[in-house]
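> When you get a sec, could you give me coordinates for this:
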Amino acid sequence: MNSDELDRAFAALADPTRRAILARLATGEATVNQLAEPFDMTQPSISKHLKVLEHAGLISRGRAAQTRPCRLEAAPLQQIAQWVHLYTSLWEASFDRLDAFLQAPQPDQPHHTNPAIAPGNPHDQQQ
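Residues are numbered from 1 along each chain as shown. Model prediction:
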């Protein structure tokens with residue numbers, strides 16, 4: 001997936017209406033009217049969203065009699081997932097370093113295993 005295709009796909013996915021349309025199409029083909037049902041918008045507005053999705057390669061439209069059913073195209077989504085996966089090792093390494101830092105005793109704070117005697121605990125003060 002080249003940079004322009006990736007840009008178009010991410011721009012298409014940035015809109016919640018378009019993500020909802022893709023989620024609906026994940027269950028099977030649907031007509032424009034069927035896709036428009038759950039939204040409070042006109043058919044031309046839905047059609048604009050569909051054009052963005054189609055331009056990004058995320059959906060395709062067929063022809064069945066008088067209708068043009070839309071279908072999800074999974075290949076671009078798989079390519080996006082592969083692109084994101086390239087960065088997961090970086091994120092995981094950062095989280096591992098953060099976890100190690102948070103688990104290590106800090107030099108300026110004493111390490112207490114018994115929370116009942118931790119500094120600042122009101123129960124360890126003698127009256």
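> What residue, apart from its backbone neighbours, is nearest residue 20 spatially?
Leaving out its chain neighbours, the residue that sits closest to residue 20 by CB to CB, 6 or more residues apart in numbering is residue 38, at 7.3 Å. Placement of C-beta: from N, CA and C, glycine included.
> in a strand, that's where the one you found is, yeah?
No: per DSSP: H, G, I helix; E, B strand; the rest coil, residue 38 lies outside any strand segment and is coil.
> which phi and psi does it have?
Torsion angles at residue 38 (phi, psi; degrees, to the nearest 10) stand at phi -80, psi 0.
> Return the per-residue confidence for it.
With respect to pLDDT, residue 38 scores 93.
> now do residue 121
At residue 121, pLDDT is 56.
> Then residue 110?
Predicted confidence (pLDDT) for residue 110: 60.
> And residue 113, by the same measure?
60.
> Out of the helices and strands in the protein, which is least certain?
Every helix and strand in the chain was compared by mean pLDDT, DSSP states H and E; the lowest is helix 74-103, with a mean of 87.
> Can you give me the first-to-last residue distance of stretch 64-81?
31 Å (CA to CA, to the nearest Å).
> which residues are in contact with stretch 45-53?
11-12, 15, 17-18, 21-22, 32, 35-36, 39, 59, 61, 70 (CB atoms under 8 Å, 6 or more residues apart in numbering).
> Next SSE downstream of the helix or strand encompassing residue 53?
When secondary structure is defined by DSSP states H and E, residue 53 falls within helix 43-55. Per DSSP H and E, the first helix or strand lying C-terminal to helix 43-55 is strand 59-61.
> Which neighbouring elements make contact with that next one?
The contact analysis (3 or more CB pairs under 8 Å, 6 or more residues apart in numbering; DSSP states H and E) places strand 59-61 against helix 16-25, helix 43-55, strand 70-72.
> Now with 6 Å, please.
Helices and strands touching strand 59-61, by 3 or more CB pairs under 6 Å, 6 or more residues apart in numbering; DSSP states H and E, are strand 70-72.
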